[in-house]
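Undergrad: structure of the sequence below:
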Amino acid sequence: MNLDRYLQVKHKSNPHWFLEEVNSYDNQERLQDVFSKKKYLDGQHKILQRDSFKYNGQVIEPRKIVIQMAKTILNFQTQYLLKNSVNIIGAEKMIEQFLKVNKLGRFDDKNVIILSKLIKFGQVAEYLFINAKGRIDSKIIDAEDGTPVFNHHGEMIAFIEHYVFDGIAYYTIYTDKLGQEWSNEGGELKLAAQYANLSGLPVLYKTDNEFSDTEGRSELDDYTGILDNMEDVLSKYVDSMYKFMNPIPVAVGQQLKDSLPTDIVGGGLNLDDGADFKMVTNQLDSKSFELVYKTLQQALLDVSSTPAVSMNKTDVSNLSEVSIKLLFSLADTKAGLNETYLKQGFYERWEKVCELLRYKDVQISEDDFMTLEFNFQYNTPSNHAEIIDNMSKQHAMGALSVETILEQSPYVNDVTLEMNRIQDVKPFEQVEHSNFGGSSDDIEKVS
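TA: Purely as a prediction, here's the structure:
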């Protein structure tokens, strides 16, 4: 079902159909969920809604301790995968053009933003276009500002970008061929602009969702329940500590009426023989608190696939490189899933880049595009010297090319640039070698 048929069936050809899509119950529920995630990341947690209580006849405001560990975990997942730039691999002529676009469009920085929003809110969109400078650029559309439109086959047939600025509502509608801009400036909804859409629909990045094939799922849904309990346990324990700091005086036996002379002692109690006086307090069970809190903390690290060593929860002294890799095995698994989500969008992104390059008289053949691959270098602690040594041995055996070494090297970001530099240096090395007067065998004979 194409867009025209969809509008006829569902919206009765209403020219303002996009308002019905944006204001639908399902979409508003999704937008509200995104907004609640943003409030949580901003520090507005459930613990802040704790009610006050009475103690010793007074109303006490309880402790409300907020733990922003979710943001730390999400930042770790983003940087673990994209701390090192993504290497684009494929046919030489195609990669040469793609690297120019990647550099001028600052796509490496946008990759980080896309992954960050993807794992926070479950989905994010990217629209490719040619900017005023004639360069291929992209705009990232937040999940709260974008509404994709799907037909009954689960195919995206339109995309609506909507936001409010200075009290005015703006709507941008993306279709395969056209882009339309609407606004209610002046109090009436009207078409402000219409233009040809060169790149088609935006690229939609999304995570897996067990209940929907068209919507993603936020990583925060797995963490907030555990974090809410950690904040609750910690806040209540601190409240208990402050309450129990006020002991109750208890006198056992008969108190004598005559008091001690105040000029001899500052103050005291005069008790009968065999009487006793003490300050009684409740005993805090710190071991139980520590057990519960550490159990919740470890559960959070396990669910989020975060190595305890990266959160300073494990002693890393005297660990071999193999042990470090085992500690980061869960993080590698999680990064592999995030890599899959990004690759699905990257292939679509660079396919649209090929379409935009045609308007600049640059042709990328389908055979060349089939060679396109992306190489991710995880930010795992490793011995770079050992990696280089292993690749050097493979190269000496004739089992590894120089280009592959550069692609896998932790010290090289731009493979094409480095290959060009190597090619530029080789002629000078040959000239220098010829100036020495022959081969090493000849030199041996002369000596």
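Undergrad: what does the model give residue 61 for pLDDT?
TA: If you check residue 61, the pLDDT there is 88.
Undergrad: the helices in the stretch 151-300 of the chain, which residues?
TA: Counting by DSSP state H, counting those that start in this stretch, the stretch 151-300 of the chain has helices at residues 220-243, 286-303.
Undergrad: and the residue nearest to the spatial centre of the chain, how far from residue 134?
TA: Taking Cα atoms, centre = their mean, the centroid of the chain lies closest to residue 116, which sits 2.9 Å from it. Distance, residue 116 to residue 134, by Cβ to Cβ, to the nearest Å: 29 Å. The C-beta positions use only the backbone N, C-alpha and C, and glycine is treated the same way.
Undergrad: what of residue 85?
TA: 24 Å.
Undergrad: between those two, tell me which one has more neighbours.
TA: Ranked by neighbour count (other Cβ atoms under 10 Å), residue 85 and residue 134 place residue 85 first, with 17 against 10.
Undergrad: pretty sure the more buried one contacts residue 108?
TA: Yes: taking Cβ atoms under 8 Å as the definition, residue 85 is a contact partner of residue 108 at 4.8 Å.
Undergrad: next up, the contacts around residue 31.
TA: residue 144 (Cβ atoms under 8 Å, 6 or more residues apart in numbering).
Undergrad: give me the distance between whichever strand or helix holds it and the centre of its chain.
TA: For residue 31, the host element (DSSP states H and E) is helix 25-41. Helix 25-41 sits 18 Å away from the centroid of its parent chain (Cα atoms, centre = their mean, to the nearest Å).
Undergrad: next one: the closest residue to residue 156 other than its chain neighbours relative to residue 405, how far apart?
TA: Nearest residue to residue 156, sequence neighbours excluded (Cβ to Cβ, 6 or more residues apart in numbering): residue 148, at 5.1 Å. Distance, residue 148 to residue 405, by Cβ to Cβ: 42 Å.
Undergrad: more crowded one of the two?
TA: With other Cβ under 10 Å as the criterion, residue 148 and residue 405 differ in neighbour count, and residue 148 comes out ahead with 22 against 18.
Undergrad: wait, residue 234 sits on residue 64?
TA: No: using Cβ under 8 Å as the test, residue 234 is too far from residue 64 to be in contact (10.2 Å).
Undergrad: more neighbours, those two?
TA: More crowded of residue 234 and residue 64, by other Cβ under 10 Å: residue 234, with 19 against 16.
Undergrad: what helix or strand does the closest residue to that one other than its chain neighbours sit in?
TA: Leaving aside its chain neighbours, residue 234 sits nearest to residue 65 (5.1 Å; criterion: Cβ to Cβ, 6+ apart). Under the criterion DSSP H and E, no helix or strand holds residue 65.
Undergrad: just checking, residue 65 touches residue 45?
TA: No: shown here, residue 65 and residue 45 do not form a contact pair, counting by Cβ under 8 Å, at 9.4 Å.
Undergrad: intersection of neighbour lists for the two?
TA: Residues touching both residue 65 and residue 45 by Cβ under 8 Å, 6+ apart: residue 231.
Undergrad: and the residue nearest to the centre of the chain, its phi and psi?
TA: Note on residue 116: backbone dihedrals following degrees, to the nearest 10 are phi -60, psi -50.
Undergrad: so what's it up against?
TA: 74, 75, 78.
Undergrad: and of these, the nearest to residue 309?
TA: Lowest distance from residue 309 to these (Cβ to Cβ) belongs to residue 75, with 16.3 Å.
Undergrad: for that closest one, phi and psi?
TA: Per degrees, to the nearest 10, the backbone of residue 75 is at phi -70, psi -40.
Undergrad: contact partners for it?
TA: Per Cβ under 8 Å, 6+ apart, neighbours of residue 75: residue 116.
Undergrad: against residue 304, how distant is it?
TA: 12 Å.
Undergrad: that older thread, residues in contact with the host helix or strand of the residue nearest to residue 156?
TA: Residue 148 is part of strand 146-150, with elements assigned from DSSP H and E. With Cβ under 8 Å, 6+ apart as the test, strand 146-150 has contacts from 3, 6, 21-22, 27, 124-125, 156-162, 202, 204, 214.
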